[in-house]
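Chemist: This is a predicted model, with the sequence first.
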Amino acid sequence: MKNLASQIKESMGYKVPEFRNYDKIAVCGMGGSGISGYILKDLIDERPVFVFQSYELPKFVDKKTLVFINSYSGNTAETISMYKQAINRTEKIMIITSGGFLGNDERAIKIPDTMQPREAVGYLFFPMWKALGKKLDNVINVVEKVNSDLGIAEKLYSKLPVLYSSSGFYSIALRWREQINEDSKRLAVANTFPELNHNEIEARFDDAQIVFLKAKEELVIEMLKREHKIVEVELKGKTKLEKIFYGATLGNFVSVKLAELNKEDYLKYRLIEKLKDEMRKRK
């Protein structure tokens with residue numbers, strides 16, 4: 001896997017289109033290709049950002065919608081279905097892929113094809129960031145300083161990881177959950193404040209390990225500390241972009257180390273590819 005800092009540097013060198021006169025943003029992508037949409041949704045607040053992970057686009061996706069089509073393989077069935085609908089509704093489309101069916105579109109931004117989709121978060125996110133004319137801040141230096149899992153994986157070993165993020169940082173809790181699912185082959189739970197204050201706070205957290213991905217203090221965490229050991233992870237950085245990608249980088253180290261502790265090969269799939277094969281057979 002090419003490290004995240006290198007992905008960011010390379011991605012910001014890509015030639016991307018300029019878009020104007022749009023009133024909303026849609027990101028279409030599944031799994032490791034889709035997480036970039038949730039990150040964008042957390043970061044953009046001047047226009048609504050929608051993340052679509054289905055076969056169908058809602059009717060409000062129209063000519064005033066900027067649509068990002070993200071599929072690492074370029075052959076994801078759901079994403080191709082959304083792409084076919086999008087091209088009939090708007091000219092404001094950018095595709096990020098390593099090849100496949102979607103790579104044949106002249107609008108495609110081609111990224112390297114040598115990794116698993118979830119490993120390519122930098123390649124899948126930063127071309128969008130550049131197309132939107134956003135600043136890079138100090139994110140490269142922030143992610144370069146992360147070089148271990150900080151001992152977090154051992155605390156998660158044999159436990160159910162329950163991942164909570166500060167409000168506005170749900171993408172990082174989701175990213176950790178997906179990485180733990182795919183790399184470590186473990187079930188995990190993800191939620192964000194203040195929603196969990198109205199439901200999950202009542203849970204007893206038996207056999208669970210709570211991880212708080214913290215951008216600010218939360219009263220409920222102080223309450224839960226009275227009964228549970230909680231791993232608190234400060235999201236480092238001065239800007240939200242820096243904090244999110246600090247969290248994403250750290251999560252990569254945690255999930256790979258947890259896979260090692262679980263004696264799992266983090267690069268191999270157990271069921272995802274089998275499911276795709278079955279779906280192809282039934283078409």
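Modeler: Yes, it's here.
Chemist: What segments of the stretch 101-250 of the chain are helices?
Modeler: For the stretch 101-250 of the chain, applying DSSP state H, counting those that start in this stretch gives helices covering 121-131, 139-144, 152-156, 170-184, 219-224, 240-261.
Chemist: weakest of these in terms of mean pLDDT?
Modeler: Averaged per stretch, pLDDT over the helices of the stretch 101-250 of the chain is lowest on helix 219-224, reaching a mean of 93.
Chemist: List the buried residues of it.
Modeler: Neighbour-count burial for helix 219-224 flags I221, L224 (criterion: 16 or more other Cβ atoms under 10 Å). No exception for glycine: its C-beta is placed from N, CA and C like everyone else's.
Chemist: mind checking how far it is from the chain centre?
Modeler: In terms of Cα atoms, centre = their mean, to the nearest Å, the centre of helix 219-224 is set 27 Å apart from its chain centre.
Chemist: Check stretch 229-248 too.
Modeler: Stretch 229-248 sits 14 Å away from the centroid of its parent chain (Cα atoms, centre = their mean).
Chemist: now do the same end-to-end measure for it.
Modeler: 23 Å (Cα to Cα, to the nearest Å).
Chemist: any residues touching it, and which ones?
Modeler: 4, 8, 39, 42-43, 121, 129, 134, 136-139, 142-143, 146, 150, 152, 155-156, 165-166, 168-169, 171-172, 175-176, 209-215, 221, 224, 250 (Cβ atoms under 8 Å, 6 or more residues apart in numbering).
Chemist: likewise stretch 78-94?
Modeler: Stretch 78-94 is contacted by residues 16-17, 19, 22, 26, 28-30, 33, 52-57, 61-71, 95, 101-102, 105, 107, 109, 127-128, 131 when judged by Cβ under 8 Å, 6+ apart.
Chemist: could you redo the last one with a cut-off of 7 Å?
Modeler: Under the criterion Cβ atoms under 7 Å, 6 or more residues apart in numbering, residues 16-17, 19, 22, 28-30, 52-55, 57, 61-63, 65-69, 71, 101-102, 107, 109, 131 lie in contact with stretch 78-94.
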